[in-house]
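1. Next come a sequence and a model predicted from it.
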Amino acid sequence: MDAATQSEASGLHSALRYKIIALVGNEYVRVANAADAIGGVQPKLVIEPGTETEVAEVLRLSNGAGLAVIPRGGGTKLGWGNPPTRADLVLSTARLKEIIEHAWADLTVTVEAGCTIQRLQETLAEHGQRLALDPLWPEKATIGGVLSTNDSGALRLRFGALRDLIIGVTIALPDGTLASSGGKVVKNVAGYDLQKLVTGALGTLGVITRAVFRLHPLPRSKRACSISAANAEEAQRIVLAIQDSKLAHTFLQSHFSDDAAPISDILFEGTEAGLTAQEAQLRKLCGAARVSEASTATWTAREKLWGFSEPSTTAIAKISILPGDLARTIEEVEQAARLHQVRWRALAYATGIAWVRLEGKPGALRSALQLLRRELENQGGSLAMMHRPEKMAEFDAWGNAGDALGVMKAVKNQLDAKGALNPGRFVGGI
Amino acid sequence: MNLMEARILDELRAIVGDRGLISSPEELHTYECDGLTYFRMMPRAVLLPNSTEQVQAIVRVCHRERMPFVARGSGTGLSGGALPVENGIVISLARMNRILEVDFPNARVVVEPGVINLDVTGRVSPQDYFYAPDPSSQSICTIGGNVAENSGGAHCLKYGFTTTHVLGLEVVLPDGSLVHFGGKTLDTPGYDLAGVFVGSEGTLGVATKVILRIVKRPECVRTLLAAFPSTNEAGAAVSDIIAAGMLPAAIEMMDNLSIQAAEAAVHANYPSCGGLLLVELDGPVAEVETLMTNVKEICRSNGASEIRLAQSDAERALVWKGRKAAFAAMGRISPNYIVQDGVIPRTALPRVLSEIERLSKEAGVRVANVFHAGDGNLHPLVLYDRRIPGQEEAAGALSAQILELCIAAGGSITGEHGVGEDKKKAMAKMFAEPDLATMQRVRCAFDPLQLSNPTKIFPTPRLCGEKPGEYMAHPAESGGIAERY
């Protein structure tokens, strides 16, 4: 059965179906299967355009027909955000994987959205450079997906988030417009910063087709240490003292859980002379707390947090707090977990972003997370759900979007008036 | 002044009081331009609110009367961003200059928009912190203006621009409503509207509070001056520094004319040469000393005739004083000059510089060059004498040609001064029509009636599709310079 026949079975209007097939080729249109479902919602077709013009054209055609489109990169984070209210087409960027230009002497790279993080990093490393970002699952995660979910890890402390690394973007809008902003130079204030607007927008404003990033050199040497603390208060004291010191560390993260004492990992990068001097300063700063060489698990701490075996009894939340509220927040997590009888562990960065894993019955998880979200929002923070059991599908992924929600909806309306892209998956029903 | 205007003026006076309203023509002249004095427009009135509520009340009147407004800080901008618009008022944020909160454990500072850039650092330096963005005008420019322009400065090579250091904003939207973008914590739920607002040149609303990030001072700072025969050798040294995997805090370059001017103005004791490089490294002492040795070797191998390391804070300050005074210093060697602000990929530097030299000779107009060399941000200063017939036009044409060189090299028409009024036309050369149309759609989401600094940034005004309430022809529409879409 060819794609045309198959998609007939899937109930899409035949004229549209033929137009899409004529555009991208028969072999790049297939009927969606159960594995393509997003948050339990079954799409009809999976389309893999080969160029950004094709992406824009597919969007224009499907938008004209009032279809809902789910953009997809490596598919590693499709569970982030709310389930879509509708899903007709999955628009995959799998074929847009070219590294267009690594201008190594200018420390920039232009890359298509479907390129994986790992492939990009390998190419950049040939010239001793990197995109200074450590997102989850780099071997599968794509540029477009990482941008849309604004995923960042420990390196954010030193190098900033994607918003600080992206210098240009091209997006395809539902009406078929292909628009670029920014450019290929790091310093540039011409026009609106649309690259920041679409970073973290979960693909609700347009489909990112390419991006330009500023790069950083790979470090000459690096050294990581782990610092043990007796409790969350001591861990916070150490973290804040390091942050208030003259150390030029690259990352600083702390592990907390219901069955072990806190440990903080710190990474230094630079020359051997600089590393030795900084490690000595660190030991002085930590006083009685034990400082040891960090284990290799440090580098994959976040993936380990995600390495759960029971999706139906596990929830993962990304929380954002003030760095000075670390101990208080850990205590709140602990109390909520104890009250509702769930297991917990957390990985907290010195930036104030932390990842919390809770394990227990869905009802208990729901209650614990509701309590935690309320407390965090009251103290000016936030809690976003990144994984939740199917039975918790109705639990809003984002929480309170504040008084700017009206402007957000207006922006959405300007760029995607029919609500075609990822409907319902973002904040406030966007 | 007609009756309606008197009624509006009374209403505005009631909001800000007598001392908060400027409406006499003599006093209004102060506000008819910003740092780019070429463009001038008299505002109908200037309002000096001292609270968010007053800003809201003023903007509500503007919204009701369909009267455009332009927010203004210290007016040091160099692209006409704070230039009043026809039949509009100016909202000066100069009186909203309080530092509201300093939070060292979280490295956050909350300020009103009229706070002077350098005063933030002044306030946090006793605890050894600083506010990183350092435009050359930092002793007089305001945080609100920096937010509008996404100001940079010499040290943004390492530390990033204003947008990196703004975590949240309180904004009065063009309909007078109050909203909050971002916050003290990172990744607040929703779109990164703070990221869009910073650098939008006052076209999306008026910021009334800004949450800033402050940075701990590095353990040491070392500043090196290296004298090269020409900018070519200096440029090659910059490339080698970057290729060696170093990220200096700043790399600045000046050509012979700029050195002469800076010497004449502030006696910075620069070596006389064809290309001067200023390289600043900061961080842990052991790290910086090792890298500085590398930098010296690189400079020597690229033909530096003289290498000096500033030996004290005072020497360092003097080195920077010369650089930061470079624009104003041009007055010492030329009666008039245009400050240009273009960006090129750093590797295109030798090619673009020789092209600028060729054009300069052709036009018979001198060009002095000052660059943020690390990030390819050029500040060619086109020198001319208005009294000589034809020179002003020739200088203007040359300045425009330099921008075209930047675009052709894959760069940008502005690295930090903004588009404002000055570079609207160049926007159409740098961006395609769909790019600009998409940006204008974003603008429409914030300001459907286009009241907030309208007529800036975009080459062709486009009116927003949505028409809340009764249809009213926009002045630009009835004037035949815009179309509705």
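-> Done, it's in.

2. Quick check, central residue of chain B?
-> The residue lying closest to the centre of chain B (Cα atoms, centre = their mean) is B:His417, at 3.6 Å.

3. which element is that residue on?
-> For B:His417, there is no enclosing helix or strand under DSSP states H and E.

4. can you check the one 4 residues further on too?
-> For B:Glu421, there is no enclosing helix or strand under DSSP H and E.

5. And the pLDDT at it?
-> We have a pLDDT of 95 for B:Glu421.

6. What's the local residue count around it?
-> Using other Cβ atoms under 10 Å in any protein chain shown, B:Glu421 has 24 other residues around it. The way it works is simple: take the backbone N, C-alpha and C, and place the C-beta from them, glycine included.

7. ok, the residue nearest to the centre of chain B touching B:Gly80?
-> No - with contact defined as Cβ atoms under 8 Å, B:His417 does not reach B:Gly80; the gap is 9.8 Å.

8. on that earlier part again, do you know how far the residue nearest to the centre of chain B is from B:Pro135?
-> Going from B:His417 to B:Pro135 by Cβ to Cβ, to the nearest Å gives 9 Å.

9. anything in contact with each of those two?
-> Residues touching both B:His417 and B:Pro135 (Cβ atoms under 8 Å, 6 or more residues apart in numbering or on different chains): none.

10. List the residues that contact the one residue sitting closest to the centre of chain A.
-> In chain A, the residue lying closest to the centroid (Cα atoms, centre = their mean) is A:Asp151, at 2.3 Å. A:Asp151 makes contact with A:77, A:135-136, A:141, A:162 under the criterion Cβ under 8 Å, 6+ apart.

11. So it: helix, strand or coil?
-> Secondary structure, DSSP: H, G, I helix; E, B strand; the rest coil: A:Asp151 is coil.

12. which ones are touching the nearest residue to A:Lys246 once chain neighbours are set aside?
-> Leaving aside its sequence neighbours, A:Lys246 sits nearest to B:Glu219 (Cβ to Cβ, 6 or more residues apart in numbering or on different chains; 3.9 Å). The contact partners of B:Glu219, by Cβ under 8 Å, 6+ apart, come to A:246, A:248, B:283-285, B:288.

13. could you redo the last one with a cut-off of 7 Å?
-> Shown in contact with B:Glu219 (Cβ atoms under 7 Å, 6 or more residues apart in numbering or on different chains): A:246, B:283-285.

14. likewise A:Leu194?
-> With contact set as Cβ under 7 Å, 6+ apart, A:Leu194 has these partners: A:169, A:171, A:181, B:438-439.

15. tell me which parts of the stretch 201-350 of chain A are close to chain B?
-> Taking Cβ under 7 Å from any Cβ of the partner chain as the contact definition, the stretch 201-350 of chain A meets chain B at A:201, A:216-217, A:220, A:240, A:244, A:246, A:248, A:270-271, A:273-274, A:277-278, A:320-324.

16. Which single residue of the stretch 101-250 of chain A ends up nearest chain B?
-> A:Lys196 (3.0 Å; Cβ to the nearest Cβ).

17. and the closest residue to B:Ala262 other than its chain neighbours, helix, strand or coil?
-> Excluding the flanking residues, the one nearest B:Ala262 by Cβ to Cβ, 6+ apart is B:Gly322, at 4.1 Å. Secondary structure state of B:Gly322, per three-state DSSP, is helix.

18. ok, now how distant is B:Gly322 from B:Gly245?
-> On the measure of Cβ to Cβ, B:Gly322 and B:Gly245 end up 29 Å apart.

19. quick one: A:Ala384 and A:Ala397 touch, right?
-> Yes - with contact defined as Cβ atoms under 7 Å, A:Ala384 counts as touching A:Ala397 (5.9 Å).

20. between these two, which one's more packed in?
-> Taking neighbours as other Cβ under 10 Å, A:Ala384 and A:Ala397 compare with A:Ala397 leading, 24 against 20.

21. residue contacts, that one?
-> Residues in contact with A:Ala397, defined by Cβ under 7 Å, 6+ apart, are A:81-82, A:384-385.

22. repeat that with 10 Å
-> Neighbour list for A:Ala397: A:39, A:79-83, A:202, A:317-318, A:383-388, A:425-427, B:189 [criterion: Cβ atoms under 10 Å, 6 or more residues apart in numbering or on different chains].

23. Could I get the full set of helices for chain A?
-> Taking DSSP state H as the test, the helices found in chain A are A:3-9, A:14-24, A:52-64, A:117-125, A:143-149, A:156-159, A:162-165, A:194-198, A:232-243, A:272-286, A:301-306, A:326-340, A:362-378, A:405-415.

24. packing partners for the fifth one?
-> What that stands for is helix A:143-149. strand A:69-72, strand A:108-112, helix A:117-125, helix A:162-165, strand A:166-172, helix A:194-198, strand A:207-214 (3 or more Cβ pairs under 10 Å, 6 or more residues apart in numbering or on different chains; DSSP states H and E).

25. can you list those in CSV and add mean pLDDT?
-> Formatted as CSV, the helices and strands packed on helix A:143-149 follow (pLDDT from 0 to 100):
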stretch, mean pLDDT
strand A:69-72, 98
strand A:108-112, 98
helix A:117-125, 98
helix A:162-165, 98
strand A:166-172, 98
helix A:194-198, 98
strand A:207-214, 98
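
26. and B:Val179, what element?
-> Element membership of B:Val179, judged by DSSP H and E, is strand B:178-182.

27. ok, and what's touching that strand?
-> Against strand B:178-182 from outside (Cβ under 10 Å, 6+ apart): A:402-408, B:52-53, B:55-56, B:59, B:166-173, B:188, B:190-198, B:204-205, B:207-211, B:446.

28. just checking, next helix/strand downstream of it?
-> As assigned by DSSP H and E, the chain's next helix or strand after strand B:178-182 is helix B:193-197.

29. Can you confirm whether that following helix lies near chain A?
-> Yes - using Cβ under 10 Å from any Cβ of the partner chain, helix B:193-197 comes into contact with chain A via B:193-197.

30. Tell me the buried residues in that helix?
-> By 16 or more other Cβ atoms under 10 Å in any protein chain shown, the buried positions in helix B:193-197 come out as B:193-197.

31. Repeat that for stretch B:302-317.
-> B:302-304, B:307, B:310, B:315-316.

32. Tabulate those (JSON lines), appending distance to B:Ala400.
-> Formatted as JSON lines, the buried residues of stretch B:302-317 follow (distance: Cβ to Cβ, whole Å):
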{"residue": "B:Asn302", "distance to B:Ala400": "33"}
{"residue": "B:Gly303", "distance to B:Ala400": "34"}
{"residue": "B:Ala304", "distance to B:Ala400": "34"}
{"residue": "B:Ile307", "distance to B:Ala400": "38"}
{"residue": "B:Ala310", "distance to B:Ala400": "38"}
{"residue": "B:Glu315", "distance to B:Ala400": "39"}
{"residue": "B:Arg316", "distance to B:Ala400": "37"}
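
33. In helices, which of those residues fall?
-> Per DSSP H, the buried residues of stretch B:302-317 map to helices at B:315-316.

34. Next, format the buried residues of stretch B:302-317 as TSV and append pLDDT and distance to chain A.
-> As requested, the buried residues of stretch B:302-317 are exported to TSV (pLDDT from 0 to 100; distance: Cβ to the nearest Cβ, whole Å):
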residue	pLDDT	distance to chain A
B:Asn302	96	15
B:Gly303	96	19
B:Ala304	96	20
B:Ile307	96	20
B:Ala310	92	20
B:Glu315	91	22
B:Arg316	92	18
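
35. which one of the buried residues of stretch B:302-317 is nearest B:Gly390?
-> B:Gly303 (38.9 Å; Cβ to Cβ).

36. which residues does the closest one contact?
-> Applying Cβ under 10 Å, 6+ apart, the residues near B:Gly303 are B:226-230, B:232-234, B:236-237, B:275.
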